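*Asks:* The sequence isn't on hand, but the structure is:
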């Protein structure tokens, strides 16, 4: 490997970081995702990371010198292939806080090269006039089959990206509601007509929810939000009103798709644009801790690839893509090694799993259990990794 002088390498890195920041800013300008401000301290940290790489001690024991990206790979898979702690991938790839929100970096067929320099390592992609190019955003005419790899297995959260909703208040109690069904039916599926009362405000596309259930903080028992279980989508067909006899006539809707069967008393909320903007795993920028508020679907326990709600949200600093550590509470033990009555001890908590945050609300969030050793239940603790 050809070595360059420290001064030259620093100047090269400075140019790379500047180009990456510019590209990331342009990418975020056209994105529907908020353009979070970058502080001078964060920008300085990003530049230092780009220059340093990761210590060799952070590499996975069998990290390959070269790897060809395959269709179906995810950023998390590749990070775990190279790193003991996959959420440190931005350091391995010398990226910055703005670019972290743009994972359009790696494509099937690209060859990744692990470059060791002293006690540090960085990852590059093969190609370019110098033999390697730093991984960075690039414009591609990419069809569905040639698009960038995903951050985590999207199949586990795709159905929850917009359908799992936490409302700040019990607004669904006051929302439009299904009051009757076509031909007196009890259950409604795709294509069936539903009759609705409530304030519609000219909206045509709606989502149907079961009556929401309150989610409470495991520590304080405060109600943090109301979880609406998504049932179906419905389209406004015909307005209601009052007929010539003075009778109330509800509005007519048609069920356009159904995840569950809809029924009378289900509530409606305006449909939102489905948000499939990419986001990638990273550690929170500041320490954070909290607890599991619930396992989605009213299950008592959760395992790998299941969804949980957290008692922390945007106001606490959580963002989409944050990786969190799950902790198992230490059990009680008895010290029988000394004379006299045995003393009761509380063993330390042990880290036993990883969460990936994919939806964030004001006071709560949803996360995917990426891996876990023991069942996850309400009240379990999480922190930054």
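*Replies:* Now that the structure is in, tell me what you want to look at. Quick caveat: nothing in here was measured; it's all calculated off a predicted structure.
*Asks:* all contacts plus neighbour counts: C-alpha atoms, from now on.
*Replies:* Will do.
*Asks:* can you list the domain ranges for the protein.
*Replies:* 6-150, 163-270, 289-383 (automatic domain parsing).
*Asks:* can you list contacts of stretch 180-192?
*Replies:* Here stretch 180-192 makes contact (C-alpha atoms under 8 Å, 6 or more residues apart in numbering) with 193-196, 254-258, 260-264.
*Asks:* Quick one: the strands in the stretch 251-385 of the chain, in order.
*Replies:* 251-258, 262-263, 267-270, 289-295, 301-302, 307-310, 323-328, 332-335, 343-346, 350-360, 365-372, 376-377, 381-383 (DSSP state E, counting those that start in this stretch).
*Asks:* and the second one, what other elements does it pack with?
*Replies:* Based on contacts counted as 3 or more C-alpha pairs under 8 Å, 6 or more residues apart in numbering; DSSP states H and E, the elements that strand 262-263 packs against are strand 187-188.
*Asks:* Quick check: can you name the pairing partners of the strand it packs on and their directions?
*Replies:* The strands beside strand 187-188 in its sheet (DSSP bridges) come out as strand 262-263 (antiparallel).
*Asks:* quick one: average pLDDT of the strand it pairs with?
*Replies:* Taken as a whole, strand 262-263 has an average pLDDT of 92.
*Asks:* Likewise for stretch 366-382?
*Replies:* In the prediction, stretch 366-382 has an average pLDDT of 92.
*Asks:* can you check stretch 311-326 too?
*Replies:* On average, stretch 311-326 scores 94.
*Asks:* ok, and what's touching it?
*Replies:* 87, 216-218, 224, 279-284, 286, 288, 290-293, 351-365, 372, 380-385.
*Asks:* ok, and for it, which residues are buried?
*Replies:* 311-313, 317-326 (16 or more other C-alpha atoms under 10 Å).
*Asks:* Any quick ChimeraX command for the buried ones out of the contacts of stretch 180-192?
*Replies:* The buried subset of these, as determined by 16+ other C-alpha under 10 Å, is captured in ChimeraX by this line:
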select :193,194,195,196,254,255,256,257,258,260,262,263,264
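*Asks:* returning to what we had before: between the domains of the chain, which one is nearest to residue 157?
*Replies:* domain 289-383 (7.2 Å; C-alpha to C-alpha).
*Asks:* Pipe the domains of the chain into TSV and attach distance to residue 157 per row.
*Replies:* What follows is those, written out as TSV (distance: least, C-alpha to C-alpha, whole Å):
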stretch	distance to residue 157
domain 6-150	12
domain 163-270	10
domain 289-383	7
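*Asks:* Contacts only, for residue 258.
*Replies:* 189, 190, 231, 232, 233.
*Asks:* Count residues in the vicinity of the nearest residue to it once chain neighbours are set aside, would you?
*Replies:* Closest residue in space to residue 258, ignoring its immediate chain neighbours: residue 232 at 4.1 Å, by C-alpha to C-alpha, 6 or more residues apart in numbering. Residue 232 has 24 neighbours, counted by other C-alpha atoms under 10 Å.
*Asks:* buried sites along the helix or strand where residue 232 lies?
*Replies:* Using DSSP states H and E, residue 232 sits within strand 230-238. For strand 230-238, burial by neighbour count (16+ other C-alpha under 10 Å) applies to 230, 231, 232, 233, 234, 235, 236.
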